[in-house]
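1. Pasting the sequence and the predicted coordinates here, then a few questions.
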Amino acid sequence: MFDPRSRYYTLNRATLTLPDGREVRYVSRRFLPDAGTCQVVGSVAVTQGDRLDLLTARTLGDPEKFWYLCDANSAMSPFDLVGDDAVGNLLRVPLPMP
């Protein structure tokens, strides 16, 4: 259902049977982890025009792991971490997970 690198890969899968007998498959809710529990290896400053995938490629070596930066910085939305309002902010860079 999800790529092994996805933040949703390890979530429990469930099935809901509707009154008409149809089954709807879904994944359970993913809660944002406590940013204070992640191991941080450094920080990166957000500059004008930064994109989260580019920051993640530069710091973690994989643009699809942008959600690591989201988790380490308590961001529900990736858009909260970059953009004009975020220029100058320091983002915590977590220790990459396998």
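-> Here it is on my side, so go on.

2. can you count the residues close to residue 55?
-> Per other C-beta atoms under 10 Å, the neighbour tally for residue 55 reads 21. Backbone N, C-alpha and C define where each C-beta goes, glycine included.

3. How about the secondary structure of the residue most central in space within the chain?
-> The chain has residue 67 as the residue nearest its centroid, 1.7 Å off, counting by C-alpha atoms, centre = their mean. With DSSP: H, G, I helix; E, B strand; the rest coil as the basis, the three-state label of residue 67 is helix.

4. contacting residues for it?
-> By C-beta atoms under 8 Å, 6 or more residues apart in numbering, the contact list for residue 67 reads 7, 78.

5. From residue 14, how far out is the residue lying farthest from the centre of the chain?
-> Most distant residue from the mean C-alpha position of the chain: residue 20, 36.0 Å away (C-alpha atoms, centre = their mean). Distance from residue 20 to residue 14, counting by C-beta to C-beta, to the nearest Å: 18 Å.

6. again, but for residue 51
-> For residue 51, the distance to residue 14 - C-beta to C-beta - is 34 Å.

7. same deal with residue 30?
-> Using C-beta to C-beta, residue 30 is found at 13 Å from residue 14.

8. Now for those two: what residues contact both?
-> Between them, residue 30 and residue 14 share no contacting residue under C-beta under 8 Å, 6+ apart.

9. could you pull out the helices for the chain?
-> Assigned by DSSP state H, the chain shows helices spanning 52-60, 66-72.
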